[in-house]
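>>> No letters, just coordinates:
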Ligand code: ZN
């Protein structure tokens, strides 16, 4: 079972332009910028009330975020859900016929174990599972 929406992921072309834009939009500055080399991205996190927004910017032109922007333009990239036990949820989703993008959870930004569900198997929406690393 999924928990709350942990964050929304938004693909941006240029972090130095996107951060001030979202700072003006949300009325508060990002609380963290973090490079996730395993995913080829720089991330920047904003809080909005109890919710979080993650900006994602590709480290190079061949990265998945760069390819996403090439195809679809900047905008909402994924919806991340909080889960208690990521291994159990990955097993459950596999049994339900969903396609996972990795066999094992990966270390994501913001102290999380993460796994993505292929949007082709989840109605066109890229879904991220997030488990807090305790
Ligand atoms: Zn995310």
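That came through fine. Small disclaimer: the values here were computed from a predicted structure and weren't measured.
>>> The ion contacts on this structure?
9, 54, 80, 128 (C-beta under 5 Å from the ion). Glycine gets a C-beta too; all of them are placed from N, C-alpha and C.
>>> got these as a markdown table, with pLDDT columns?
Converted to a markdown table, the residues of the chain next to the ion look like this (pLDDT from 0 to 100):
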| residue | pLDDT |
| --- | --- |
| 9 | 98 |
| 54 | 97 |
| 80 | 98 |
| 128 | 97 |
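>>> Pull the most distant pair out of these.
For those, the maximum inter-member distance is 9.3 Å, found between 54 and 128 (C-beta to C-beta).
>>> so residue 120 touches residue 100, yeah?
No. Using C-beta atoms under 8 Å, residue 120 makes no contact with residue 100, being 11.8 Å away.
>>> Tell me which of these two has more neighbours.
residue 100 (19 against 10; other C-beta atoms under 10 Å).
>>> need the contact list for that one.
By C-beta atoms under 8 Å, 6 or more residues apart in numbering, residue 100 lies in contact with 90, 93, 94, 115, 116, 117, 118.
>>> my read: the fifth one touches residue 126, true?
Yes. Assessed by C-beta under 8 Å, residue 116 is found in contact with residue 126 at 6.1 Å.
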